[in-house]
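>>> Attaching a predicted model along with its sequence, questions to come.
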Amino acid sequence: MSKTISIKVSIASNDKVSALFILKTLINTGWNPMVNRLINYLPEDDNDLYNWTNEKISIDHMFEIIKKKEQKKESIGIDLYWKDSGVGVSLLITNSYELSFNLDINRRYIDENTHILDFNWYAMKIIPALCELCHVTKYSFEYYY
């Protein structure tokens, strides 16, 4: 059975925060886009096809791709991993100040037997970092079977 679990975050549009700045802030707080020297991301000129690419590129090169995508008003997507835990998210940023953190990489559960997700763990790793950066107008958790 497939599950879709995510945290949706809205940022005040008058904050004018770039996707690159959001990503750099998350990296500085413990998230890492690289695993086994590979970065999984949405390539330039993806045209909302969501053809994720997993390749060996530097973080600086990734930043350049994000800058270009932002200039073209393309959706930005990148996988991020929390420190050395193996737990990760697929982050999607639209140009309408909406962030979607899909909690789909080695999910962290309160109880492995019942598969109750530890939303608090994710919220504490994401929301405070964003609140330091900009005005978060709303966030919500979504869980679909």
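Yep, it's here.
>>> For the nearest residue to residue 37 once chain neighbours are set aside, report the pLDDT, please.
Of all residues not flanking residue 37 in the chain, residue 56 sits nearest, at 5.4 Å (C-beta to C-beta, 6 or more residues apart in numbering). Glycine gets a C-beta too; all of them are placed from N, C-alpha and C. Looking at residue 56, its pLDDT is 97.
>>> Report how many residues lie close to residue 56.
10 (other C-beta atoms under 10 Å).
>>> next one: the one 5 residues further on
The criterion is other C-beta under 10 Å. On that basis, residue 61 has 12 neighbouring residues.
>>> That one belongs to a strand?
No. With DSSP: H, G, I helix; E, B strand; the rest coil as the criterion, residue 61 is helix rather than part of a strand.
>>> I'd say residue 94 and residue 75 touch.
Yes. Assessed by C-beta atoms under 8 Å, residue 94 is found in contact with residue 75 at 5.4 Å.
>>> Can you mark which positions in stretch 89-108 are buried?
89-93, 97, 99-103, 105, 107-108 (16 or more other C-beta atoms under 10 Å).
>>> ditto for stretch 33-49
Residues 33, 34, 39, 40, 41, 42, 46 are the ones in stretch 33-49 that count as buried (16+ other C-beta under 10 Å).
>>> Not counting the helix or strand hosting the fourth one itself, show me its contacts.
Same thing as residue 40. Secondary structure from DSSP states H and E places residue 40 in strand 38-41. Applying C-beta atoms under 8 Å, 6 or more residues apart in numbering, the contact partners of strand 38-41 are 33, 52-57, 59, 62, 65, 77-79, 90.
>>> Can you tell me which of these are buried?
Among those, those buried by neighbour count (16+ other C-beta under 10 Å) are 33, 57, 62, 65, 77, 78, 79, 90.
>>> Of all pairs in those, which one spans the longest distance?
Farthest-apart pair in those is 57 and 90; separation 17.2 Å (C-beta to C-beta).
>>> Can you flag which of the buried residues of stretch 89-108 belong to helices?
Among the buried residues of stretch 89-108, the subset assigned to helices under DSSP state H is empty.
>>> Mind checking which residue lies nearest the centre of this structure?
residue 91 (2.2 Å; C-alpha atoms, centre = their mean).
>>> distance of that residue from residue 114?
Residue 91 is 27 Å from residue 114, where distance means C-beta to C-beta, to the nearest Å.
>>> With that, I have no additional questions.
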